[in-house]
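1. Here's a sequence, model it:
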Amino acid sequence: MNNKLREEIAIKLHNFYEEQAKKVGWKTQDSCQVEFKDLPDKNKEVMLATSEFVINDLLNNKAFLQHVIDSNKIQVSYEVEGHSPVTKLKVVIDE
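-> Numbers count the residues shown, from 1 in each chain. Sure, this is the predicted structure:
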């Protein structure tokens, strides 16, 4: 697993989660209202595990990707080798 990608996704998920909580007026724990690097270890572990799920079960799942493509009129070509992440990706969104 690409640990850098795993962490990048975890950071984006954390930031998005906190932003959305603010938008709907929900106060998250004070200890979580910090940058990813400053999160409590258990919170980091959860976000890293969530990003692993996104990578392994969504981005590397051809059936799921095909569903996303078909339901959003997206033209995508991609290559996946075994259980590794997508190696080549081209996306065209039809509006």
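
2. going forward, measure contacts between C-alpha atoms and count neighbours the same way
-> OK.

3. what residues are up against the residue lying closest to residue 37 once chain neighbours are set aside?
-> Leaving out its chain neighbours, the residue that sits closest to residue 37 by C-alpha to C-alpha, 6 or more residues apart in numbering is residue 44, at 8.0 Å. Residues in contact with residue 44 (C-alpha atoms under 8 Å, 6 or more residues apart in numbering) are 10, 36, 37.

4. measure residue 44 to residue 13 for me?
-> 11 Å (C-alpha to C-alpha, to the nearest Å).

5. repeat for residue 35
-> Relative to residue 13, and taking C-alpha to C-alpha, residue 35 is found at 12 Å.

6. Counting neighbours, go ahead and name the busier of the two.
-> residue 13 (17 against 12; other C-alpha atoms under 10 Å).

7. Give me the distance between the more buried one and residue 72.
-> For residue 13, the distance to residue 72 - C-alpha to C-alpha - is 22 Å.

8. Please enumerate the helices of the protein.
-> Secondary structure of the chain (DSSP state H): helices at 3-23, 41-53, 62-71.
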